[in-house]
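Structure for the following, please:
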Amino acid sequence: MHGTRSSHLHFWLLLVLWVLPAATLSARTALRDPDTYFFNTGFGDFQQELATAREEGKDGIMLFFEQADCPFCHRMRETVLNRPRVQDYFRRHFRLFTVDIDGDILIRDFQGREISEKDFAFRRYRVRATPVILFFDLQGKPVVRYTGATSGVDEFLWLGEYVAQKLYRKMPFTRYKRARRHAARPR
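Numbers count the residues shown, from 1 in each chain. All right, here's what the predicted structure looks like:
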């Protein structure tokens with residue numbers, strides 16, 4: 001009797017040791033690093049990025065203004081920007097870049113002028129709090145600005161749809177979001 005109990009315990013221990021790493025690996029692979037899979041790598045030349053976006057048939061450029069100690073930026077990266085569904089949708093429709101609002105790195109703006117990241121953020125677009133998500137059309141004109149973290153994956157995807165479908169020409173994002181929430185409710 002004692003040997004059978006020991007065999008069962010050994011079986012369950014082996015099963016747990018076999019299943020737990022597989023479950024952990026599966027959970028890890030469901031999330032992807034935003035710096036690798038969401039944001040595009042660029043050289044800080046937004047005029048050139050506009051040309052690339054046009055060549056690739058994108059709907060525009062999205063800039064994610066952030067700063068190092070921003071808890072809301074961190075939350076967006078850890079709960080929204082690391083999701084494959086978000087990454088796939090946004091990469092299909094936009095060129096995507098970060099801008100450090102405290103950064104001293106020189107970039108080229110949409111008109112080809114050299115400026116530091118922090119001056120680009122503050123002087124050109126009045127970004128003081130982060131995150132700010134700013135979408136530009138293919139001429140480099142800002143078309144949609146969203147300040148703060150979205151409530152989650154769905155709201156961020158709706159924001160992307162809103163811009164990609166150029167619905168900002170017809171209605172404010174709050175109205176679009178309300179309609180999407182209503183449509184998503186179970187009946």
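
Specify the residue ranges that define each domain of the chain.
As given by automatic domain parsing, the domain ranges for the chain are 1-30, 32-184.

Now the weakest link among the ones you listed, please, by mean pLDDT.
Among the domains of the chain, domain 1-30 carries the lowest mean pLDDT, a mean of 50.

Against Gln48, how distant is Gly42?
Here Gly42 is placed at a distance of 8 Å from Gln48 (C-beta to C-beta, to the nearest Å). C-beta coordinates here come from the backbone N, C-alpha and C atoms, glycine included.

now Phe90
As defined by C-beta to C-beta, Phe90 lies at a distance of 20 Å from Gln48.

more neighbours, Gly42 and Gln48?
Neighbour totals were compared for Gly42 and Gln48, and Gly42 leads with 16 against 13 (other C-beta atoms under 10 Å).

Phi first, then psi, for Ser151.
For Ser151, the backbone dihedrals (degrees, to the nearest 10) come out as phi -70, psi -20.

Start and end of stretch 104-124, how far apart?
Stretch 104-124 has an end-to-end distance of 15 Å (C-alpha to C-alpha, to the nearest Å).

Stretch 40-48 now?
End-to-end distance of stretch 40-48 (C-alpha to C-alpha): 13 Å.

helices or strands next to whatever helix or strand Thr174 lives in in the packing?
Element membership of Thr174, judged by DSSP states H and E, is helix 173-184. Where contact means 3 or more C-beta pairs under 8 Å, 6 or more residues apart in numbering; DSSP states H and E, helix 173-184 is packed against helix 153-164.

Just want the most central residue of the chain.
Centroid-nearest residue in the chain: Leu81, 3.6 Å away (criterion: C-alpha atoms, centre = their mean).

neighbours of the nearest residue to it once chain neighbours are set aside, just the number please.
For Leu81, ignoring the flanking residues on the chain, the nearest one in space by C-beta to C-beta, 6 or more residues apart in numbering is Pro34 at 3.9 Å. Pro34 has 20 neighbours, counted by other C-beta under 10 Å.

And the one 10 residues further on, by the same measure?
Taking other C-beta under 10 Å as the criterion, the count of residues near Gly44 is 18.

ok, now Thr41?
Thr41: 7 neighbours (other C-beta under 10 Å).

Okay, and it sits in which element?
Secondary structure (DSSP H and E) places Thr41 outside all helices and strands.

show me the residues around it that make contact.
If you count contacts by C-beta atoms under 8 Å, 6 or more residues apart in numbering, Thr41 has none.

Check the secondary structure at Ile133 for me.
strand (DSSP: H, G, I helix; E, B strand; the rest coil).

Report the beta-bridge partners for it.
Phe64, Tyr146 (DSSP bridges).
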